[in-house]
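**Q** Below is the sequence, then the predicted model.
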Amino acid sequence: MSYAEPPRSFYPIITALFTATLIISNVAASKGVSFFGDQSLALGPLQILPINTDGAFFLFPLAYVLGDVLSEVYGFRAARRTVITGFVTLLLASACFWITIQLPAASFYENQASLEAVIGVVPRLVLAGVIAYLAGQLLNSAVLVWIKNRYGERRLWVRLIGSTVVGEFADTLIFCSIAAGAIGITTAADFINYVIVGFLWKTLVEVLVMPITYRVIAVLKRREPTYTDPDKVPTPA
């Protein structure tokens with residue numbers, strides 16, 4: 001007797017990709033990055049050049065794209081489960097990095113100082129990332145679902161951009177406030193540049209990839225067997 005295979009949900013795959021993005025980003029963020037480092041341009045108290053950021057600038061926006069997909073297709077409760085999963089995984093990664101540094105190095109191992117230089121600041125970055133992404137992702141999801149409840153399936157671009165602006169600003173401000181010193185940013189001008197560049201970059205990336213986000217959401221809504229607009233609040237008759 002043969003049995004039909006039950007419908008498969010894409011939720012675990014997206015959660016795994018979301019969590020991996022967070023872990024990789026927190027390690028990559030340990031490197032301070034400066035573009036146009038030989039240039040100097042300021043507008044009043046605002047430093048324009050050089051552009052200061054961290055090594056995760058090109059990857060971390062993906063976490064918000066995935067967060068939008070999770071919130072739009074699976075609802076706030078499912079997105080919150082993914083956020084908590086990422087939170088626990090980041091703490092585990094931080095603990096493992098710290099233990100690895102503390103373990104006695106073998107006599108033939110010559111890279112202890114390099115290891116500490118690369119991942120020794122990660123616990124601070126993880127703390128920054130955990131607090132920032134908890135606030136940012138939960139705000140991002142809550143705003144997206146609130147707009148969806150208000151307008152239904154219409155105006156997807158409004159909830160994608162609106163939720164991103166709120167979530168990314170909270171995330172960037174909190175993360176930069178904690179992580180700046182860990183990557184060598186110490187002056188007020190560099191800090192303001194770091195916050196503004198991070199916020200504008202992450203928001204711009206999400207706007208640029210919005211056509212792809214639209215497509216992914218549309219495909220998942222058609223193929224996800226459990227999609228029933230989970231956070232829609234019924235209106236009285």
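**A** Now that the structure is in, tell me what you want to look at.
**Q** Count the residues that sit near I23.
**A** By other Cβ atoms under 10 Å, 17 other residues sit near I23. Placement of C-beta: from N, CA and C, glycine included.
**Q** Show the pLDDT at the residue lying closest to it once chain neighbours are set aside.
**A** Closest residue to I23 apart from its sequence neighbours, by Cβ to Cβ, 6 or more residues apart in numbering: A93 at 5.3 Å. Looking at A93, its pLDDT is 83.
**Q** And A93, how far from T187?
**A** Counting by Cβ to Cβ, to the nearest Å, the gap from A93 to T187 is 30 Å.
**Q** Between the two, point out the one with more neighbours.
**A** For A93 and T187, the more surrounded residue by other Cβ under 10 Å is A93, and the numbers stand at 20 against 11.
**Q** which stretches of this protein have low pLDDT?
**A** 1-8, 44-47, 121-123, 125-126, 182-183, 226-237 (pLDDT under 70).
**Q** What residues of the longest helix along it count as buried?
**A** Longest helix in the chain by number of residues, with DSSP state H as the criterion: helix 122-151. For helix 122-151, a neighbour-count test (16 or more other Cβ atoms under 10 Å) marks 122-148 as buried.
**Q** helices or strands up against it?
**A** Secondary-structure packing of helix 122-151 (3 or more Cβ pairs under 8 Å, 6 or more residues apart in numbering; DSSP states H and E): helix 11-28, helix 61-74, helix 76-102, helix 156-179.
**Q** quick one, which of those helices is packed in tightest?
**A** Highest mean neighbour count of the helices and strands packed on helix 122-151: helix 61-74, a mean of 24 (counted as mean count of other Cβ atoms under 10 Å).
**Q** who wins for proximity to A113 among the helices and strands packed on helix 122-151?
**A** Among those, the nearest to A113 by Cβ to Cβ is helix 76-102 (10.6 Å).
**Q** Work out the gap between the closest one and the centre of the chain.
**A** 13 Å (Cα atoms, centre = their mean, to the nearest Å).
**Q** ok, and what's touching the helix or strand following it?
**A** Following helix 76-102 in sequence order, the next helix or strand is helix 112-119 (DSSP states H and E). Applying Cβ atoms under 8 Å, 6 or more residues apart in numbering, the external contacts of helix 112-119 come out as 27, 30, 97, 100-101, 105.
**Q** Can you tell me which of the residues you listed comes closest to A179?
**A** S30 (9.1 Å).
**Q** and that closest one, how far is that from L62?
**A** 18 Å.
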